[in-house]
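A.B. asks: could you work out the structure for the sequence below:
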Amino acid sequence: MPIKIVIKPKELWDEIGNQFIYQGKETTLTLEHSLVSLSKWEAKWHKPFLDKNEKTTEETLDYIKCMTLTQNVDPEVYDRIKPEHIKAILAYIDDPMTATWFKEDEEKHIEKRTITAEVIYYQMIALNIPVEFQKWHINRLLTLIRVCNEENKPKKKKSKRQILEEQHALNKKRRAAQKAKKKGR
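C.D. replies: Purely as a prediction, here's the structure:
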């Protein structure tokens, strides 16, 4: 699900005419935080986007350009992006875009490694996730990958003790049922 940001024309004061003048035109940018955007940005910057390192203003603005779905955007439009636009875009980037959640204690045991676009594409291929999903919000795609991995985990084997306890409980239930049948005759 993309986000739309409206960029207003640049407002300037004309001292000679004693009036406001406007440069550029109002532009609506449609942005998508997806694997496609991520791979474009990483191809240019040669580093992972999804790490914990702070991005420079230049890197952030460039990622916004990589996210842009709107065609034929005048490059000067990006110069008019305001802090409130950045705030809204960053909130969109951080939005999980799903109702799925995982237990926090399980997350502590997950190996923390650098995730790049290629790692995500590999996971999609390995899990038979259609390539069309590369346009999903990246957080939603990562959640889907995690769900697929969780569902594909082999079921934990029961210990001998657990098996014996289950058999004992089942035998006890069966004996009780047999006694009830004999009394009912």
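
A.B. asks: any idea of the pLDDT on E84?
C.D. replies: pLDDT recorded at E84 is 96.

A.B. asks: tell me the phi and psi of the closest residue to K65 other than its chain neighbours?
C.D. replies: Leaving aside its chain neighbours, K65 sits nearest to Y78 (6.3 Å; criterion: C-beta to C-beta, 6 or more residues apart in numbering). Every residue, glycine included, has its C-beta placed from N, CA and C. Y78 has phi and psi values of phi -70, psi -20 when expressed as degrees, to the nearest 10.

A.B. asks: contacting residues around Y78?
C.D. replies: When contacts are counted by C-beta atoms under 8 Å, 6 or more residues apart in numbering, Y78 touches L61, I64, K65.

A.B. asks: ditto for I5
C.D. replies: The contact partners of I5, taken as C-beta under 8 Å, 6+ apart, are T28, L29, L31, I81, H85, A88, I89.

A.B. asks: then H137?
C.D. replies: By C-beta under 8 Å, 6+ apart, the contact list for H137 reads M1, E32, H33, S34, D95, M97.

A.B. asks: how many neighbours does the last one have?
C.D. replies: Spelled out, that is M97. Counted with other C-beta atoms under 10 Å, residues neighbouring M97 total 17.

A.B. asks: what packs against the helix or strand hosting E42?
C.D. replies: Remark: E42 resides in helix 35-45, with elements defined by DSSP states H and E. Packing partners of helix 35-45 (3 or more C-beta pairs under 8 Å, 6 or more residues apart in numbering; DSSP states H and E): helix 57-67, helix 117-126, helix 138-152.

A.B. asks: for those, which one sits closest to V6?
C.D. replies: Of all these, helix 57-67 sits nearest to V6, with 14.0 Å by C-beta to C-beta.

A.B. asks: sort out which residues of the closest one are buried, please.
C.D. replies: If you call a residue buried by 16 or more other C-beta atoms under 10 Å, then helix 57-67 has these buried ones: E59, D62, Y63, I64, K65, C66, M67.

A.B. asks: so which of the residues you listed is the closest to L144?
C.D. replies: L144 lies nearest to M67 out of the buried residues of helix 57-67, by C-beta to C-beta, at 19.7 Å.
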